[in-house]
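Q: no FASTA, just this:
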């Protein structure tokens, strides 16, 4: 007999007698000493392959699932070497645990690996099916949304105005500080960049016109839209996604409500109303950023800078900027809400769709901005 | 022979903001028993349970679990305690991005350094115990409510905890599945001597599994009765206790 070294809670005595390997376990066999138990038993089995094993359990005070897993793993090894393992004299409590499980099934079963190599064709096919489903969903969502919007226009009293005002505050007022900061910094950077080139040609005063046109026509609407997509588009997707996974949308349907009208219309209206104002605010702050550079670095007077700004800007520029911001608002709110409705599964699904809402929102904004410019250019030619 | 208490609650007061949920709550949970926290909706059962496993801090009073005072101590002792307890949440609370086997393996990998074959066998064993063999690689969203609950129970028992907490284990289950779960709870309790604390108002489950219980009262915000639910049902002098156990309005 070779007793194992002193251990905390159990003692293993192993011996080879009459052509059998005998393991005698005493004490507590549990998760915290399961590893030691495994490491004590395995060398004996490896030194005596093909030898039947008897495990004597009468001295076991306590045996938990981890220790049982070790015994099963040992039995598996013994069987692989062509022998058998017999568990003997288990005390009543241990016997009850052994009765709870189907040892044969556990020894035969192996936890299958989930990952499987997927061929390129299979991946392309899966991606194609996903794209097709996504497009079908988008088409049906846009169609349903159009119908709900028409209905809301005909019955404006049924729109949830309180929610709409709350969303205006969240999308618009709450975004003012970050829009101001980003627009100011963009104006400032454009001012620095522009001033360097313009000063070389001695036309520093034209910086005001450059900043005003770029901010009002392009940068103002674009950067506001990107910020709103990041702040509010993601919020819409996660809010609706969470409602979907917690069956709140189903509850609305069962109560006879149209989820699109209930959750989407207020967000859509709120975003479309506040976006032009946010854009004008961004334009103004961006112009101030550029003006600081013009006044301090190019020695243009405050009055002169303002005159140049006002002289270049026409009402049409502001109208174009505002019109674009309304289009962007519909795209951001629409895609944010749609991704929310597409949510499946649990928390992970919400996260996936929230990311998708921001990425798709920004992509659509940039695409729409380019198309708007191309259409406008072709029209004026 | 007096069995040692594994949980001791003394003069507990629980609050949400300024609102008192429970006051002057004191009781012991003995090792190896199935202890019920009973009461009507909104009486603070689940809140009390969350305090017992250290998820919430009490406003005042003392909760000692396995010798660890939860009211003030939130350091290493509480972390060590977490490996000795398992919790079955009402919704199951499986991690949605992980399959069933990964969910069950999570506490094993976190608290032990067992070799992979042992961990895998433990996962299979726990899933077999809850009759979920063959569903190892299903995701929570692909399981029915009862299966989700059984998978969550497998995860809660992954480390053979000394104390198992159940929040409404039979909620949302059909009577047969609920009875099967009760049987499983009893078997685990009897074979592993696991102490169990169960929040429920399912009378069938109460009489089937609970050894001793406290009945909480929404009006007094305290304990209305304590003892064996069968005895309370048959011989309590308190009208509200009899009404609860006989399901009378």
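A: Everything's here; your move. These numbers come from a predicted model, not from an experiment.
Q: My read is that residue B:228 contacts residue B:211, right?
A: Yes: in this structure, residue B:228 is within contact of residue B:211 by C-beta atoms under 8 Å, at 7.0 Å. Just so you know, the C-beta spots here come from the backbone N, C-alpha and C atoms, and that holds for glycine as well.
Q: give me the element residue A:60 is part of.
A: When secondary structure is defined using DSSP states H and E, the element that contains residue A:60 is strand A:53-63.
Q: Could you give me the buried positions within the helix or strand just after that strand?
A: Under the assignment DSSP H and E, the closest C-terminal helix or strand after strand A:53-63 is helix A:65-80. Under the neighbour-count criterion of 16 or more other C-beta atoms under 10 Å in any protein chain shown, helix A:65-80 has A:65-78 buried.
Q: show me where pLDDT drops low in chain A?
A: Where chain A drops to pLDDT under 70, the residues are A:1-8, A:109-116, A:381.
Q: quick one: contacts for the closest residue to chain B within it?
A: Here the residue of chain A nearest chain B is residue A:346; by C-beta to the nearest C-beta that distance is 2.8 Å. Residue A:346 makes contact with A:245, B:96-97, B:140-141, according to C-beta atoms under 8 Å, 6 or more residues apart in numbering or on different chains.
Q: So which bits of the stretch 1-150 of chain A are right by chain B?
A: If contacts are counted using C-beta under 8 Å from any C-beta of the partner chain, the residues of the stretch 1-150 of chain A sitting beside chain B are A:30-32, A:34-35, A:38, A:64-66, A:68-70, A:72-73, A:76, A:93, A:96-97, A:99-102, A:105-106, A:109-112, A:114.
Q: Can you say which of those are buried?
A: In those, burial by neighbour count holds for A:30-32, A:34-35, A:38, A:64-66, A:68-70, A:72-73, A:76, A:93, A:97, A:100-101, A:106, A:109, A:111, counting by 16+ other C-beta under 10 Å.
Q: near chain A, which residues of chain B?
A: Of all the residues in chain B, those lying near chain A are B:96-97, B:99, B:101, B:108, B:111-115, B:117-126, B:128-129, B:133, B:136-137, B:139-141, B:157-160, B:187, B:190-193, going by C-beta under 8 Å from any C-beta.
Q: and those residues, which are buried?
A: Of these, these count as buried by 16+ other C-beta under 10 Å: B:96-97, B:99, B:101, B:108, B:111-112, B:114-115, B:117-126, B:128-129, B:136, B:139-140, B:157-160, B:191-192.
Q: Among these, which are located in helices?
A: Assigned to helices by DSSP state H, the following of those qualify: B:101, B:108, B:111, B:117-126, B:128-129, B:191-192.
Q: what residues does the stretch 251-381 of chain A put near chain B?
A: That would be A:344-349, which are the residues of the stretch 251-381 of chain A within reach of chain B (C-beta under 8 Å from any C-beta).
Q: list the contacts for residue A:352?
A: Shown in contact with residue A:352 (C-beta under 8 Å, 6+ apart): residue A:343.
Q: Likewise for the one 10 residues further on?
A: Counting by C-beta under 8 Å, 6+ apart, residue A:362 makes contact with A:225-226, A:229-230.
Q: How many neighbouring residues does residue 14 have?
A: Going with chain A. 20 (other C-beta atoms under 10 Å in any protein chain shown).
Q: Oops, wrong one, chain B.
A: Burial of residue B:14 is recorded as 22 neighbouring residues (other C-beta under 10 Å).
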